[in-house]
Structure formats: structure tokens, C-alpha cells
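Asks: curious how this folds, go ahead:
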Amino acid sequence: MRTPRLIAVLLCLALLGTAAFAQAPATKPKPATPQTKPAMPIQPGAAALPKVDFEKYILPNGLQVILHVDHKLPMVNVNEWYHVGSGNERMGRTGFAHLFEHMMFQGSEHMKEKFDVILERIGGVNNGSTSEDRTNYWENVPSNYLEEALWIDSDRMGFLLPAMTQERLDNQRDVVKNERRQGEENEPYGKVWPLLSEALYPKGHPYSWPVIGSQEDLTRATR
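Replies: Numbers count the residues shown, from 1 in each chain. This is a model prediction of the structure:
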């Protein structure tokens, strides 16, 4: 503890200041000179942002479309975002948003095969991700297969449930549970992020649990 020494030093400074003030002649203080910090020079081109031309419109079903055209490569990217994530879940049913993301790759009513198989056959790649506030699915395919990529997305958007079977759900539930083991339970410091969420948000807050959910809640997921 350094408090007594600090008090003694402050008292000494106060006494010295009082003595100095008594001996010094009274002088009118000079007005303080305003201190101005020199402005940082702007580097050439630092403020220039790349211009990205795009079109934005809304379809009759409410879907917002953002279209950007770039002819550098004969490839097309379709990136579909849903405004739903683990923040829309509740305690006892965590991890369902991410599990549902997995189910969206297992086929739909008119697309019987898994989407990975269909897209790889035409030279494409695809994946998806889930966060607290959104889920997205994307495909990169040769430009002449744009219609097929849009067809896949539209079919799983409207006709996923008729193709969802208990067998497919059980399979992807085990995949997600293994992802949790691999990324959190068996990885050094893997539990840091769940612990941070629990520490930052009160119990029951939709951000207080990990996006991947708990093993117990995933086990309870049924069709």
C-alpha cells in the first residue's frame, strides 16, 4: 500500500506551493496559448474507395436482390442470406439454426440428390454458415449454370420439408455434434468462446449460448 507516502508527498507539495506563492510577486497570469495538433497529411489515394456498381430490387415475394456484374471470369456467385440465426432460438432448443443449415444441403422435393453432388458435377463449389443473426448459403458455378444454381436455391427455399426424413436428420445431427466435439470440446482453448458468451450476457439472453448449441439440445432435435 502506497497511500501514506502519497499523502505525505502531496502535503509537502502543498506547503512548498503555499510558500512559493507568498514570496512571489503578484503577476497577472498570461492567457493560455491554445494548443493545436497538426493535421495528419492525407496520403494520395487514401480516401478513394473502389466503386462497386450494383442493382438492387425487391421481388414480389419480398426477396431483396443485389446484382453485381463483373466479366473478368466466366464464373457466377449466388449468395443467399436469411435473417435468422441462433439469436432466434430459446433455451432448451439451441443449435437448431445451424442444424437447419446442414439440412438445407441434403436435397429438396424436386432435387433428390445432395446439393454438393449436383454442384460438383457441374464444376461448382458451395457452402454455408450460421451466426447469431443470419444464415447464408453460397455457390460458385460456371456462368452458364447460373439458372441451375438459382433453381437449387429456390427449390430448397420452398420445398425442403417434404424431402426431410428422420434418417437425414439423424445423420446431420450426428455431424453437427461431432463438429462441436472437434471445434470446442476436444480443441485446446475451444471452450473460451462459449464461456465468453456466458460471461457477457445474462442467462436466457439469445447471445448467451454458442451458435452450435449444446449436445443435450441437439439430441432432442426430432422431425
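Asks: lowest-confidence helix or strand of the chain?
Replies: Least confident helix or strand, the chain: helix 3-23 with a mean of 38, by mean pLDDT, DSSP states H and E.
Asks: gap between the residue most central in space within the chain and residue 86?
Replies: Geometric centre of the chain, nearest residue: residue 131, 5.1 Å, by C-alpha atoms, centre = their mean. Per C-beta to C-beta, to the nearest Å, residue 131 is found 7 Å from residue 86. Every C-beta, even on glycine, is put in place using the N, C-alpha and C of the backbone.
Asks: now do the shared contacts for these two.
Replies: Shared contacts of residue 131 and residue 86, defined by C-beta atoms under 8 Å, 6 or more residues apart in numbering, comprise residue 211.
Asks: name the helix or strand for residue 71, please.
Replies: Following DSSP states H and E, there is no helix or strand that holds residue 71.
Asks: pLDDT value on it, please?
Replies: Listed pLDDT for residue 71 reads 93.
Asks: for residue 78, which three-state class applies?
Replies: At residue 78 the chain is in strand, as set by DSSP: H, G, I helix; E, B strand; the rest coil.
Asks: measure it to residue 58 for me?
Replies: 17 Å.
Asks: how about residue 164?
Replies: 29 Å.
Asks: and the two? Which one has more around it.
Replies: Higher neighbour count among residue 164 and residue 58: residue 164, with 18 against 9, using other C-beta atoms under 10 Å.
Asks: phi, psi for the residue nearest to residue 155 when sequence neighbours are not counted please.
Replies: Using C-beta to C-beta, 6 or more residues apart in numbering and skipping the chain neighbours, the partner closest in space to residue 155 is residue 108 (4.5 Å). Main-chain dihedrals, residue 108, degrees, to the nearest 10: phi -130, psi -170.
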